[in-house]
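Q: Following is a predicted model, sequence given first.
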Amino acid sequence: MTSTIKLKGVRPYGEAPTDLYVRDGELVEATDADETVDADGLVALPGLVDLHTHLREPGGEEAETVETGSAAAALGGYTAVFAMPNTDPVADSPVVVEHVWRRGREVGLVDVHPVGAVTVGLEGAKLAEMGMMAASPAGVRMFSDDGRCVNDPLIMRRALEYARALDAVVAQHAEDHRLTVGAQAHEGPVAARLGLAGWDPTAEESIIARDVMLAAAAGARLHVCHLSTARSTEILRWARETLDVRVSAEVTPHHLLLTDTAAEDYDPVHKVNPPLRPAADTEALRRALADGTLDCVATDHAPHAVEAKDCEWSAARPGMLGLQTALPVVVTTMVATGLLDWRGVARVCSEAPARIAGLTDQGRPLVPGEPATLTLVDPEAAWTVRGAALASRAENTPYEGMEMPASVVHTMLRGRWTVRDGKVNA
Ligand SMILES: NC(=O)N[C@@H](CC(=O)O)C(=O)O
Ligand SMILES: [Zn+2]
Ligand SMILES: [Zn+2]
């Protein structure tokens, strides 16, 4: 027996209230419903898509697993995530990507798409079996050495050429490692005052400038991970205008909200790669996201076990949790500031990432005939972040004790509730 669910009083994209009907995994025209969910005032968005998640499986299960990370994703309003390959073993072969993909299907809370490594072991020397990973059941279409940069320009050129043949995208962690040896925090007055070794922003900007030229020459698609400076956005604009290159870029919630002064407490929870930047960059990133220079928001959700964070700054691992706080941070930085409306949020958190990754069943319009893959958000329900209460196994949130302005209430994946009333529906 198929049943019909009526979502009563929802506001699609924050617009006028209406009712949505769900049957057989799809949105359907108005009809008799077997169940009515009172969704008065909730904003309906297509399920969010995260192009940049670290699920830590295999090998880092003390920090996160596909299961705990999927729960965090669903609670954050996500219906698809891309799992970065810097695991142990590295996801540089069909065996590992298939494992991650299968675990995602078994857990069933969110579509887990493994990202394949560009080079064997993320060592930057020899291309990984990109074609085999693309041909595996995991159907890998995004490749990245994230955590490391594909620093060698010839390797990057070859990777782009292969990716083009596979209709895949190379997601670059833009950091010239020669410029960041021992670097701890954005190079500037704050790091100087705190005595933290400076991190030259040119390390990011020079790689982006190089890569757009390589991608243009190869006719390949490039995606820039966690872009973090004003000048990087200017390089993107220049590249699109003059090179006619197919390049996309993401910004993280933490680079939209937090600045380099967060390091003043010497709490390594604020240590991240790329580092938090001065307020002028943060503001430029917000404007670039609003005007479309930056395509999308990606969390760079980076769980770390206590030992990796509860130590002195220089010994701590970089990275912070993001899946359950991303949407509220976007509301704080982009909606409350008038830079984006909810249509814009749907664009940068769902539609654009789905398009970049080539997903055809995510980021779809909320109309009959489309998949019932969506999230319902209470724009008025504030909550306070507690790392210990998040679904992730790790607790390294930089937002501890901070009040967030909006709450994800329900999430649905192809007609099935993955989150009901703020709780995971296993
Ligand atoms: N962003 C981070 O600071 N850390 C990421 C790696 C990465 O995204 O480069 C991680 O895997 O922990
Ligand atoms: Zn990275
Ligand atoms: Zn990352």
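A: Yes, it's here. Ligands and ions are numbered 1, 2, ... in the order given.

Q: Give me every residue in this protein lying close to ligand 1.
A: 54, 86, 146-147, 173, 272-273, 300, 302, 318-319 (Cβ under 6 Å from any ligand atom). (Each C-beta comes from the backbone N, C-alpha and C, glycine too.)

Q: can you give me the helices for the stretch 151-300 of the chain?
A: Along the stretch 151-300 of the chain, the segments classed as helices by DSSP state H, counting those that start in this stretch run 153-165, 189-194, 202-218, 230-242, 253-257, 279-290.

Q: The residues of the chain next to ligand 1: which ones sit near ligand 3?
A: Near ligand 3, judged by Cβ under 5 Å from the ion, the entries from the residues of the chain next to ligand 1 are 146, 300.

Q: Could you report the neighbour count for residue 15?
A: Residue 15 sits with 14 neighbouring residues when counted by other Cβ atoms under 10 Å.

Q: contacting residues for it?
A: Each residue near residue 15 by Cβ atoms under 8 Å, 6 or more residues apart in numbering is listed here: 342-343.

Q: ok, 10 Å please
A: 43-44, 341-343, 366 (Cβ atoms under 10 Å, 6 or more residues apart in numbering).

Q: got it, and residue 40?
A: Going by Cβ under 10 Å, 6+ apart, residue 40 touches 8-11, 17, 378.

Q: now swap in residue 169 and tell me
A: So residue 169 contacts 51, 115, 141-144, 160, 163, 215, 220-223, 246-248, 356-358 (Cβ under 10 Å, 6+ apart).

Q: again, only using 6 Å
A: 142, 221, 223 (Cβ atoms under 6 Å, 6 or more residues apart in numbering).

Q: Put together a markdown table for those, with neighbour count on each row.
A: A markdown table is the format used below for the contacts of residue 169 (neighbours: other Cβ atoms under 10 Å):
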| residue | neighbour count |
| --- | --- |
| 142 | 24 |
| 221 | 22 |
| 223 | 27 |
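
Q: Which of these fall in strands?
A: Residues of those located in strands (DSSP state E): 142, 221, 223.

Q: so who does residue 384 touch?
A: Here residue 384 is in contact with residue 403 (Cβ under 6 Å, 6+ apart).

Q: Check the spacing between it and ligand 2 real quick.
A: Using Cβ to the ion, to the nearest Å, residue 384 is found at 29 Å from ligand 2.

Q: does that residue have beta-bridge partners, and which?
A: Beta-bridge partners of residue 384, counted by DSSP bridges, are residue 403.

Q: Residue 375 against residue 45, yeah?
A: Yes - counting by Cβ atoms under 6 Å, residue 45 is a contact partner of residue 375 at 5.4 Å.

Q: Quick check: the gap between the residue in the stretch 1-150 of the chain that ligand 3 sits nearest to and residue 198.
A: Across the stretch 1-150 of the chain, the shortest distance to ligand 3 (Cβ to the ion) belongs to residue 146, at 4.4 Å. From residue 146 across to residue 198, the span is 23 Å (Cβ to Cβ, to the nearest Å).

Q: of those two, who's got more company?
A: Using other Cβ under 10 Å as the criterion, residue 146 and residue 198 rank with residue 146 on top: 25 against 17.

Q: My reading is that the more buried one lies in a helix. Confirm?
A: No - counting by DSSP: H, G, I helix; E, B strand; the rest coil, residue 146 falls outside a helix, being coil.
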